[in-house]
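> this one's sequence-less:
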């Protein structure tokens, strides 16, 4: 008899047909969408497109649990927790509903999981996200290094075996002092700021990426085991969230915060200021709109206080297992805006695009260096059979891409922001849909008056304004030919200097 028992997707399909909750056309469309989202069950797909209410979703899930219990088969394919429900609607192995009638809403709904979160996300940890001050006296030496690095104006601090403490300031590495640190000293410094659980996790996994709080300041840390011992890297997170107007971004990109739905991507290599730009966007939205904002981060860097909007912040690894789990849960919490710290895999991208298509504004980051490369990267995450579908979805849901690079400036200039900006106007959307992504750079140049610009154009302006040198311009450019004349100028200058030195 078990051979005839329905799986969860078949049960959902049958229940929706018999109860009339979905029209035949909507159900057929949902089945098609389900084929492009193999990591989701049919009910999740239907719920994400808001074709049924969360209450109906919960009831169908519980009826399937009762169905499996009645016919003594294992419950599979569910994200929610098991729950008892007093009202009962039975379905026999052929999929026929009996008991309380055809309307699933006739049964009572258990209140234990009314947000619809997956089981992995339901039981959240309550401990603080970071514990830098377990023993302030023991951590005194590394606390002094942190404060010194902030006083100098560093963005990063590196502790490596066989080297002195090194900071990154204005994009360049500078030693803080002369003496090198041996393996024993590095281990003492790093483990002094971790609690017992974090120390155990670090020794077990050989790496750890916490966000630490020390003397009122936050640090995004990375601990790894290497050939000679332990290494530690610390990103010094500013105490204040920069104002959007102070970032140096083109004024036109502020319009990306005015959309009600769609996806905005902020991209760039590590250390290019993506997190800061994203935080400034969140702060702008928090002040100017009354929305429910959910951030999914790894780890939480900037901490926000709800203003006009209501903000919930979740950390991967602490409050949820993965970005995918967190995104699934977020879509059931009635958000208006979802912030995804990083698009790492095809399932996360698929859920983010689905969220953008179903009435949410999604901001996310990616490690790419140009608008066209960003589209290619998203598509390359999917197998060839799914790329046409995801390409069509991206062409409809994308609102804009900001690609960033931080370039060391001249003298006391600090770091200068160079950006590539692409807005997904109809002509750009057509290029994405028709797989002519290689033409996007030309389209960006044509629409310069709309606020679009290539990264190389931004670098050229910084060079013309005297804010960066020729060598930095050549090094960071995508199209080196544009700066070959500058590079040749540098080589001639160096040759003259060598000649003078020889005489």
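Thanks, I have the structure now. Just so it is clear, the structure is predicted and the values come from calculations on it, not from any experiment. Residues are numbered from 1 along each chain as shown.
> in the one helix or strand residue 186 maps to, what's buried?
Per DSSP states H and E: residue 186 is located in helix 183-191. Residues 186, 189-191 are the ones in helix 183-191 that count as buried (16 or more other C-beta atoms under 10 Å). All C-beta atoms are positioned from the backbone trio N, CA, C, and that covers glycine.
> what is the nearest of these to residue 234?
residue 190 (9.9 Å; C-beta to C-beta).
> how about the closest one: what's its closest non-neighbour residue?
Nearest in space to residue 190, with sequence neighbours left out and distances taken as C-beta to C-beta, 6 or more residues apart in numbering, is residue 232 at 4.7 Å.
> where's the one you found, which helix or strand?
strand 229-237.
> that strand pairs with which strands?
Applying DSSP bridges, strand 229-237 is found paired with strand 156-159 (antiparallel), strand 217-226 (antiparallel).
> and the buried residues of helix 183-191 as JSON lines, adding distance to residue 259 and pLDDT?
Listed next are the buried residues of helix 183-191 as JSON lines, based on distance: C-beta to C-beta, whole Å; pLDDT from 0 to 100:
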{"residue": "186", "distance to residue 259": "47", "pLDDT": "94"}
{"residue": "189", "distance to residue 259": "46", "pLDDT": "93"}
{"residue": "190", "distance to residue 259": "43", "pLDDT": "94"}
{"residue": "191", "distance to residue 259": "46", "pLDDT": "94"}
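> still on that earlier bit, so which of the strands paired with strand 229-237 gets nearest residue 258?
Nearest of the strands paired with strand 229-237 (C-beta to C-beta): strand 217-226, 29.5 Å.
> how far does whatever helix or strand comes next after the helix holding residue 186 sit from its chain's centre?
Next helix or strand after helix 183-191 toward the C-terminus (DSSP H and E): helix 196-205. Here the centre of helix 196-205 is set off from its chain's centre by 25 Å, with C-alpha atoms, centre = their mean, to the nearest Å.
> mean confidence for the helix or strand that comes right after helix 196-205?
Scanning forward in sequence from helix 196-205 by DSSP H and E, the next helix or strand is strand 207-208. Mean per-residue pLDDT for strand 207-208: 92.
> give me whichever of the strands paired with strand 229-237 is most buried.
Mean neighbour count (mean count of other C-beta atoms under 10 Å) peaks for strand 156-159 among the strands paired with strand 229-237, with a mean of 21.
> past that one, which element shows up next along the chain?
strand 166-169.
> so what are the sheet partners of that following strand and their directions?
strand 156-159 (antiparallel), strand 172-175 (antiparallel).
> quick one: which of the ones you listed is nearest residue 203?
strand 156-159 (17.4 Å).
> what about the closest one, average pLDDT?
Strand 156-159 comes out at a mean pLDDT of 96.
> how about stretch 271-289?
Across stretch 271-289, pLDDT averages out at 94.
> what about the residue nearest to residue 190, how many neighbours?
21 (other C-beta atoms under 10 Å).
> what's the spacing between it and residue 353?
36 Å (C-beta to C-beta, to the nearest Å).
> could you do residue 262 as well?
Between residue 262 and residue 353 the distance is 10 Å, computed by C-beta to C-beta.
> shared neighbours of these two, anything?
Residues touching both residue 262 and residue 353 (C-beta atoms under 8 Å, 6 or more residues apart in numbering): residue 397.
> tell me where the stretch 201-350 of the chain has strands.
Per DSSP state E, counting those that start in this stretch, the stretch 201-350 of the chain carries strands over the ranges 207-208, 211-214, 217-226, 229-237, 262-267, 292-297, 310-315, 337-340.
> nearest to residue 393, out of the ones you listed?
Of the strands of the stretch 201-350 of the chain, nearest to residue 393 by C-beta to C-beta is strand 262-267, at 9.6 Å.
> centre of the chain to that closest one, how far?
For strand 262-267, the distance to the chain centre is 10 Å (C-alpha atoms, centre = their mean).
> in contact with residue 241, which residues are there?
Residue 241 makes contacts with 279-280, 283, 302, 304, as judged by C-beta under 8 Å, 6+ apart.
> next up, the contacts around the nearest residue to residue 451 once chain neighbours are set aside.
Spatial nearest neighbour of residue 451, chain neighbours left out: residue 252 (2.8 Å); criterion: C-beta to C-beta, 6+ apart. Going by C-beta under 8 Å, 6+ apart, residue 252 touches 421, 423, 450-451.
> wouldn't residue 315 be in contact with residue 298 here?
Yes - judged on C-beta atoms under 8 Å, residue 315 makes contact with residue 298 at a distance of 6.7 Å.
> how about the strands paired with strand 166-169 in TSV, adding distance to residue 228?
Listed next are the strands paired with strand 166-169 as TSV, based on distance: least, C-beta to C-beta, whole Å:
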stretch	distance to residue 228
strand 156-159	12
strand 172-175	18
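> nearest to residue 140, out of these?
Judging the strands paired with strand 166-169 by C-beta to C-beta, what sits closest to residue 140 is strand 156-159, at 15.3 Å.
> so how far is that closest one from its chain's centroid?
Remark: strand 156-159 is offset 24 Å from the chain centroid, using C-alpha atoms, centre = their mean.
> thanks again, I'm all set now.
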